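In: any chance you could fold what I've pasted below:
(one chain, ligands or ions: 1)
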Amino acid sequence: MKPKVYITRKLPDEIVNKIKEVCEVSMWEKEDIPVPREVLEQEIKDVDGLYSLLTETIDEPLLEKAKNLKIVSNMAVGYNNIDVEAATKKGIMITNTPGVLTETTADLTFALLMATARRIVESSNYIREGKWETWSPMLLTGQDIYGSTLGIIGMGRIGEALAKRAAGFNMKLLYHNRSRKEELEQELGLSYTDMNSLLRESDFVCVLTPLTPETKNLIDYEQLALMKETAVLINTARGGVVNEEALYEALKNGEIWAAGLDVFEQEPISMENPLLSLPNVIAIPHIGSASITTRKNMAKLAADNLLQGLSGKEPKNLVNQ
Ligand code: DGY
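Out: Prediction:
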């Protein structure tokens, strides 16, 4: 008998067909609407494998409903949407998709940094709104990137890829991480720095740490108060790592200069969120890994992990400890 699999969003045919070769597959057929919780609660009951996205909350009450579930394969490197501890207790494997999205996400992070520093969105809107009357000395002036100081919080794969890009802009590179990476310090000219000094000294602060109970609101009122008035904060990790109320206050009161945000505490962000009223915020809809090639590679890797787990092998990207 083929193992049963539920896929929580419409995926490219080539991926679904690959899974169908060895599994009985059912799928939430919509591309732009997440599977409703009550549908997922029904579907999870008798499947052997679940192929999920970061939009699904895979918590203990949901896992309790699963009778045969062996693996949840998440099509994302982050897996804060899954209660891994509860899954591990039930002997359910959890996998993610590291590696394949590193360069694409680093590209987007650097693009957001540049766009925020040089007010690209505001400038484009300025023309479209018919405001451009003349060249003027201080019109839409921003912050220099070349030769400035970049502080990276979270030196994993994406942090490393970002540092390589920043080195090409002659940036001074500071980082803070759970553990020091001395080889990388040599290779990339990075300086390990305590969190407060990083915040004080950086012109750009990029948040690239996973969301865990330890990193929740890591950037809060106190941390923002340490940053330079000219500093730019970039978050392409998870919204919950930065306290949005504190960020709004800091931006509004000129405690920091601007922010580029790809991720939010609540996604999609509410149109009432005050951050969207600020001209010095660039907000984009969680597109860090969104190149065509990378999203296909993520989908394929998640399928490979799922099939490995269902065939009794240890999946390549198992995250349970
Ligand atoms: C991830 O993979 O965790 C990103 O947030 C989406 O690619």
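In: pLDDT at the residue most central in space within the chain, what is it?
Out: The residue lying closest to the centre of the chain (CA atoms, centre = their mean) is A237, at 3.5 Å. The score at A237 is 98. That number is its pLDDT.
In: my read: it touches V263, true?
Out: Yes: the criterion here is CB atoms under 8 Å, and A237 meets it with V263 at 6.3 Å. Where you see a C-beta, it was placed from the backbone N, CA and C, and this is true even at glycine.
In: residues in contact with D304?
Out: If you count contacts by CB atoms under 8 Å, 6 or more residues apart in numbering, D304 has them with P315, K316.
In: helix or strand: which one has it?
Out: Assigned by DSSP states H and E, D304 belongs to helix 292-310.
In: what residues sit buried inside that helix?
Out: 294-295, 297-310 (16 or more other CB atoms under 10 Å).
In: so is that helix next to the ligand?
Out: No: Helix 292-310 lies out of reach of the ligand by CB under 6 Å from any ligand atom, never closer than 6.6 Å.
In: change the start of the numbering to 57 and stick with it
Out: Taking 57 as the first residue, the last one we looked at is helix 348-366.
In: and the nearest residue to K237 once chain neighbours are set aside, what are its phi and psi?
Out: Closest residue to K237 apart from its sequence neighbours, by CB to CB, 6 or more residues apart in numbering: M211 at 5.6 Å. When read as degrees, to the nearest 10, the backbone of M211 gives phi -100, psi 70.
In: do the one 4 residues further on as well
Out: Note on G215: its backbone torsions stand at phi -60, psi -40 [degrees, to the nearest 10].
In: and what of I176?
Out: As for I176, its main-chain torsions (degrees, to the nearest 10) stand at phi -70, psi -40.
In: check contacts around it.
Out: I176 touches M170, I338, counting by CB under 8 Å, 6+ apart.
In: separation between it and L334?
Out: Relative to L334, I176 is positioned 16 Å away (CB to CB, to the nearest Å).
In: repeat that for P59.
Out: Using CB to CB, we find P59 at a distance of 49 Å from L334.
In: which of those two has more residues huddled nearby?
Out: P59 (20 against 15; other CB atoms under 10 Å).
In: list the contacts for the closest residue to that one other than its chain neighbours?
Out: With CB to CB, 6+ apart as the criterion, P59 has its nearest non-adjacent residue at 3.9 Å, and that residue is D104. Taking CB under 8 Å, 6+ apart, we find D104 in contact with P59, K60, V61, C79, N124, L125, K126, I127, L366.
In: just the element for the residue lying closest to the fourth one once chain neighbours are set aside, please.
Out: Put plainly, it is C79. Leaving aside its sequence neighbours, C79 sits nearest to V61 (CB to CB, 6+ apart; 4.4 Å). Assigned by DSSP H and E, V61 belongs to strand 60-63.
In: in its sheet, which strands sit next to that strand, and in what direction?
Out: strand 80-83 (parallel), strand 105-108 (parallel) (DSSP bridges).
In: give me phi/psi at K121?
Out: Per degrees, to the nearest 10, the backbone of K121 is at phi -80, psi -20.
In: same question for Y304.
Out: Here Y304 shows phi and psi, under degrees, to the nearest 10, equal to phi -60, psi -50.
In: again with the one 3 residues further on
Out: Dihedral angles phi and psi of L307 (degrees, to the nearest 10) take the values phi -70, psi -40.
In: count the neighbours of it for me.
Out: 21.
In: dump the residue contacts of it.
Out: Counting by CB under 8 Å, 6+ apart, L307 has contacts A314, A315, L331, L334, N336, V337.
In: I'd say the fourth one and K308 touch.
Out: Yes: between L334 and K308 there is a contact at 6.6 Å, judged by CB under 8 Å.
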